[in-house]
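Novice: Need coordinates for the following:
(one chain, ligands or ions: 1)
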Amino acid sequence: MGAISIPQTPTTPSPNKQSAPTLVRGFSEEGTFKDREIEAVLKILPNSHINGLACIECDFMQHSLTRDNLVSEPPIPPMGRYYPDRKHIYIYDCSSRWKILCTLLHEIGHHYYQWHLEEVLINFWIEKGYPLSKPVSKYGATNAEEGFAEAYMYYVLEPFISRKESIQSTPFMLYYMARAVFKDRLLDFNLIKEALEQ
Ligand SMILES: [Zn+2]
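Specialist: Below is the predicted model of the structure:
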């Protein structure tokens, strides 16, 4: 895939007005996570990725709970939902910390795709990145945007995913995420590790 290069975007991101911090609610009441632990996990992501995200809300009543063990296998969405007009994420399946984290990152992937991914990079994803990559998951094969949201989640959680079909097996997608989305920023995986080990 070395022959395909990702379009250049300005190195200084366009000035994004920093909006109010994301409201996190409902997790402490449910109990699998505390609201402040979710806030801590958000710190692994560049601020620009969650800029404008109004609310992350636990809505566990929407999901029939089947409590199972923590496994290093991302669940199949929809375990949550992102409403782009309200910039609001709902998490429905709270049956494990792992599922909550996977869903949260998938939905943040939608927020980033809808509001922050530069147009040239969206077009590149739709025309080249997505069709030329093997989707990281079955759900990621739904369409380009779901493919992006899944790739986003797999990229951030990659060190914790044991299955072979991780993003490592789709090097171009890994490259796209590292370069175009995370702008070569290194992530502090300790925050995720701490969150999972509670
Ligand atoms: Zn989705």
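
Novice: May I have stretch 115-123 as CSV, with CA atoms only?
Specialist: Below are the C-alpha coordinates for stretch 115-123, written out as CSV (Å, rounded to 0.1, in the frame of the first residue of the first chain):
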residue,chain,number,x,y,z
TRP,A,115,-17.4,17.2,12.7
HIS,A,116,-13.7,17.2,12.6
LEU,A,117,-12.3,15.0,9.8
GLU,A,118,-11.1,17.3,7.0
GLU,A,119,-13.1,17.1,3.9
VAL,A,120,-10.2,16.0,1.8
LEU,A,121,-9.5,13.2,4.2
ILE,A,122,-13.2,12.1,4.2
ASN,A,123,-13.1,11.9,0.5
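
Novice: Going by neighbour count, which residues in that stretch are buried?
Specialist: For stretch 115-123, the neighbour count (16 or more other CB atoms under 10 Å) marks His116, Leu117, Leu121, Ile122 as buried. Quick note: C-beta positions are derived from backbone N, CA and C, even for glycine.

Novice: contact partners of it?
Specialist: By CB atoms under 8 Å, 6 or more residues apart in numbering, the surrounding residues in contact with stretch 115-123 are 6-7, 9, 16, 48-49, 51-52, 84, 87, 113, 125, 148, 180-181.

Novice: The same query, at a cut-off of 10 Å, please.
Specialist: 6-10, 13-14, 16, 46, 48-53, 84, 87, 109, 111, 113-114, 124-125, 129, 144-145, 148, 152, 176, 179-181 (CB atoms under 10 Å, 6 or more residues apart in numbering).

Novice: which ones among these come in contact with the ion?
Specialist: Near the ion, judged by CB under 5 Å from the ion, there are no entries from the contacts of stretch 115-123.

Novice: which helix in this structure runs the most residues?
Specialist: Longest helix in the chain, counting residues (DSSP state H): helix 97-115.

Novice: and it, what's its mean pLDDT?
Specialist: Averaging pLDDT along helix 97-115 yields 96.
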